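Visitor: here you go, sequence then predicted model.
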Amino acid sequence: MFLPRTKIRSAAVAVTTAAALIGLGAGAAGAAGWPPLQEGGHLYAGSNGTGTVTTVDLDDFGTCHTLSEPSLSIQVVSGSSSVVIYSEAGCTGHAWGSGSLAQSDLPWAALSYRVVPA
């Protein structure tokens, strides 16, 4: 008995997708220390999403916020906002943009940030 080509293609796509998802799951397990992804923006005083958490208001576009303690990592889950972090207070110094989906250690200690459209 022969299977139509569309069923064979569908099965191949399903197998490939399942393999990719299993691979992503294995990769996520290696990212120990990071809190689970959650909607919103968060800056962490430690690397890998550890330490004191500063919650970022992703609807407060353009306002410069100086942090009470430096941040070393960031997590952003948003469809419309990005966070730009700065190496100096008052949104000065080197700048780095997160994008709207990020989970990363920062390239330097962030002393201030502002929210911008993604």
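Guide: Sure thing, it's come through. Note that this is a predicted model, so its numbers are computed, not measured.
Visitor: so where is the chain shaky, pLDDT-wise?
Guide: The chain contains residues with pLDDT under 70 at 1-32.
Visitor: one more time with 90, if that's ok
Guide: 1-33 (pLDDT under 90).
Visitor: kindly list the longest strand within it.
Guide: Of all segments of type strand in the chain, defined using DSSP state E, the longest is strand 101-117.
Visitor: what is that one packed up against?
Guide: Here strand 101-117 touches strand 40-44, strand 65-77, strand 81-88, strand 92-97, going by 3 or more Cβ pairs under 8 Å, 6 or more residues apart in numbering; DSSP states H and E. Placement of C-beta: from N, CA and C, glycine included.
Visitor: could I get the buried residue list for the third one?
Guide: Within strand 81-88, the residues that qualify as buried are Ser81, Ser82, Val83, Val84, Ile85, Tyr86, Ser87, counting by 16 or more other Cβ atoms under 10 Å.
Visitor: if we can go back for a sec, can you give me how far the longest strand of the chain is from the chain middle?
Guide: Strand 101-117 sits 9 Å away from the centroid of its parent chain (Cα atoms, centre = their mean, to the nearest Å).
Visitor: before we move on, what about stretch 85-95?
Guide: A distance of 19 Å separates the centroid of the chain from that of stretch 85-95, by Cα atoms, centre = their mean.
Visitor: how about residues contacting it?
Guide: Applying Cβ atoms under 8 Å, 6 or more residues apart in numbering, the contact partners of stretch 85-95 are 43, 64, 66, 71, 74, 84, 96, 98, 106-114.
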